[in-house]
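**Q** what follows is a predicted structure for the sequence shown.
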Amino acid sequence: ASNIPDQDVANIVMHIKMHYGNIRIVQKALNSMGENLKMNGHMNESTMEALHNQIKNDPTLTYNVIRSHLKSAYLVSNPVYRRGFLRLLRLNFPVK
């Protein structure tokens, strides 16, 4: 996380890594922004470079796109937990 130049982006990326065990959601979000990453779930050099490129272009957009993909993942999660997940998203990762 210390290598990610925007704190809000770093926070949401680390949240995804901790709770999903990989960063496929981040890679999918970056690919939707024009990057061409292999969806392997690893924070490798190409993923970090793509993240840096997008943050350099627009850190707020990068955060919001990653957040949108995380929200989509929450929406298809177990219905028992979905409401709690969405509440957590609103509280900890508000739209910018």
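**A** Ah, there it is.
**Q** what ranges does this protein have for its strands?
**A** Secondary structure of the chain (DSSP state E): no strands located.
**Q** which helix or strand in it has the lowest average pLDDT?
**A** Lowest by mean pLDDT, DSSP states H and E among the helices and strands of the chain is helix 79-92, with a mean of 90.
**Q** can you name every helix or strand that that one contacts?
**A** Where contact means 3 or more CB pairs under 8 Å, 6 or more residues apart in numbering; DSSP states H and E, helix 79-92 is packed against helix 59-75. In short, each C-beta sits where N, CA and C put it, glycine included.
**Q** which strands or helices does the helix it packs on pack on?
**A** Judged by 3+ CB pairs under 8 Å, 6+ apart, the packing partners of helix 59-75 are helix 7-20, helix 24-32, helix 45-57, helix 79-92.
**Q** contacts for the second one?
**A** Translated: helix 24-32. Outside helix 24-32, the residues within contact range by CB atoms under 8 Å, 6 or more residues apart in numbering are 13, 16, 37-41, 47, 50-51, 54, 65-66, 68-70, 73.
**Q** tell me the contacts of residue 44?
**A** With contacts defined as CB under 8 Å, 6+ apart, residue 44 has no neighbours.
**Q** for residue 72, see how far away it is.
**A** Counting by CB to CB, to the nearest Å, the gap from residue 44 to residue 72 is 23 Å.
**Q** now swap in residue 18 and tell me
**A** 18 Å.
**Q** the more surrounded of these two?
**A** More neighbours surround residue 72 than the other of residue 18 and residue 72, with 13 against 8 (other CB atoms under 10 Å).
**Q** ok, that one to residue 86 distance?
**A** Relative to residue 86, residue 72 is positioned 11 Å away (CB to CB).
**Q** residue 69 too?
**A** Per CB to CB, residue 69 is found 14 Å from residue 86.
**Q** between those two, tell me which one has more neighbours.
**A** Neighbours were counted for residue 69 and for residue 86 using other CB under 10 Å; residue 69 has more, 21 against 14.
**Q** and the pLDDT at the more buried one?
**A** With respect to pLDDT, residue 69 scores 97.
**Q** might you report the residue contacts of it?
**A** When contacts are counted by CB under 8 Å, 6+ apart, residue 69 is found next to 25-26, 28-29, 32.
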